[in-house]
Structures are given as structure tokens and as C-alpha cells.
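1. Sequence isn't available, so here's the structure alone:
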């Protein structure tokens, strides 16, 4: 499951984390006594091996809004944390063979009989439960106030998050089917994302194409895409939302007609090339600013 949205896929992630049993405690206070309430939660989809068979990745905005670079409705955007204030960048150690007491990236799975009778899993500790499920979160922050070139850098950071982190892990996981939670409020013109994610139509098409390549590599091209969000609908068929959906669907159609496979070496070359282009563009911008500042200094202060 790959969640492409301005907001963290916290609901989907919580469903996955419930594939590992956990025990929760809370204090109960009454006028007459104070006690502790212990509950055990476990919601498998099929059996105790579920957490080894599901992969989840989410890219989204994350962090405080005190660096908000633009204004809306005549005043600064309200402070606080970007909703839902979860999804700090995180990679489960089970994806790298750690956090499981074993090797090969597979979480240790006690027999179901042992869990039902002794509830062994509930005593494995919070660190184990945090890392036993296969989860990647990528929290994207706001550009700095003075970064007028922020959207270009944001796009590159998001692409590299997939090229260097999510997609290689997904290929190694070798899925049987890929579900895309497709949220188009990540478009840079959609004010719902408050500037945290700066995608444009080309990025949605590129990412869809990459996921189709992974599907062609691992699971015969099997992909299901579900529409989740997108609120910049003014303009109808030429709105940012409509153009983004069209780009996504176009990539789905094109990907269904080909059998092009994912190539990690090609992805790394593409990342290196785009980073060099970005650095050159930033140098030209800095030189332009420097020349403008020098010209203003030569002119001196304005006459009274």
C-alpha cells in the first residue's frame, strides 16, 4: 500500500500496526478507588503471518507551520502542526533485517498457539512492536521563508524519497499486488497542503509510472488505485485537481500497455542528474541575486 497524499496515512498505518498484538493500559479513577485497565488488541486479516505479508509507505507533509512562506485570505496561516501531526520520517528495521532478533528482514513470528495461551507477543516491548511491521514514512517539511526556489527542491526531495527509499524497499518486498492511495491535495496549488508538498501534474504521472514499473517487475502489473483527496477543483477540467487525476490515469493506462520494468540503477542515475540540474539552477539564481544586489549598491540610496 503506497499512500501519495498531502496528509499522513495514519489510519492505514494503524490498521497495519494492529496486525501485531499489543497490550494497552489505562488508569481508571472513581470517587472510591483507582485501578488499572489492561486490554489486548489484535486484528489479523488472515493469520499470525500477516505482518510479514503487508508493506506500507506514506509520503506527506509533517512539522510545525511556523515557517509558512505565504499568506492566505489576507493574513498569515494559523500556526500549529500540519494535520494530523503524525508521520515523522521513519523506516521500520524489519525492512533491513533488524528489529526482529533474526536476519533476512522477516519478523519473528511466534506460533499462534503460544500467543493465544500465553500472550507472548504482548510482552515483546514497544520497540519490537514499532519495528515488526513493514512501514516507511517520509515527512516532508516546509521550505525556509527565504527559499524562493522551494517548490523545485520539494519536488526533488519527494522523487528521491521514492527513488532511494520507498521503491527499492517495495521491490525487495516483492508484492503480489500494489494499492495506491492517490491523494491529489499534494499539488502545489492546492491550499489544503499549506505548502508542505509541492507536486505538479508531471510528478503524479512520474510516480504512477514508477509504481507501474515495480508492479510489472513483481506482480504482473497488478495495481489498484483509489482516489483519496484533492480540493483545488475551481476551473473544472482545467483545475489542478482534474489535471492531476488525468496525469495519474494516463500513466495507469500507458503502464497497462507496456511491460517496462523497474530499474534501480536507472533511478539512481536519474536522481543524480536531476540533483545536478537543481544545483546549477540554484547557482544561476544566486548569481542573478548577487548581480542585482551589486547594481543596487552602485546606484546608491534614492534621492529625497
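-> Thanks, I have it. It should be emphasised that the depicted structure is a prediction, and the values quoted were computed from it without experimental measurement.

2. didn't residue 250 look like it was pressed against residue 202?
-> No: look at residue 250 against residue 202 with C-beta atoms under 8 Å: they stay out of range, at 11.2 Å. Every residue, glycine included, has its C-beta placed from N, CA and C.

3. Who has more neighbours out of those two?
-> residue 250 (15 against 11; other C-beta atoms under 10 Å).

4. pLDDT-wise, which helix or strand of the protein ranks last?
-> For the chain, using mean pLDDT, DSSP states H and E, the weakest element among its helices and strands is strand 71-72, scoring a mean of 44.

5. residue boundaries of the strands in the stretch 1-150 of the chain?
-> 2-4, 22-29, 34-41, 55-61, 71-72, 75-76, 90-91, 134-140 (DSSP state E, counting those that start in this stretch).

6. name the helices or strands packed onto the last one?
-> What it means is strand 134-140. For strand 134-140, the contact count by 3 or more C-beta pairs under 8 Å, 6 or more residues apart in numbering; DSSP states H and E identifies helix 10-17, strand 55-61, strand 90-91, helix 150-161, helix 167-173 as packing neighbours.

7. just the first one next, same as before
-> Other helices and strands packing on strand 2-4, by 3+ C-beta pairs under 8 Å, 6+ apart, are strand 55-61, strand 178-183, helix 201-218.

8. One more: the fourth one?
-> With contacts taken as 3+ C-beta pairs under 8 Å, 6+ apart, strand 55-61 sits against strand 2-4, helix 10-17, strand 134-140, helix 167-173.

9. Let's see that with 10 Å instead.
-> strand 2-4, helix 10-17, strand 134-140, helix 150-161, helix 167-173, strand 178-183 (3 or more C-beta pairs under 10 Å, 6 or more residues apart in numbering; DSSP states H and E).

10. One more: the third one?
-> The criterion is 3+ C-beta pairs under 10 Å, 6+ apart, and the helices and strands that strand 34-41 contacts are strand 22-29.

11. what about residue 278, neighbour count?
-> 15.

12. Please state the offset of the helix or strand hosting it from the chain centre?
-> Using DSSP states H and E, the element containing residue 278 is helix 264-299. Relative to its parent chain, helix 264-299 has a centroid offset of 27 Å by C-alpha atoms, centre = their mean, to the nearest Å.

13. And it, what's buried?
-> Within helix 264-299, the residues that count as buried by 16 or more other C-beta atoms under 10 Å are 267, 270-271, 274.

14. how about residue 164, what does it touch?
-> 264, 267-268, 271 (C-beta atoms under 10 Å, 6 or more residues apart in numbering).

15. mind checking pLDDT for it?
-> pLDDT, residue 164: 95.

16. Doesn't it lie inside a helix?
-> Yes: counting by DSSP: H, G, I helix; E, B strand; the rest coil, residue 164 falls inside a helix.

17. going forward can the numbers begin at 24, since that is how I track them
-> Shifting the count to begin at 24 puts that one at residue 187.
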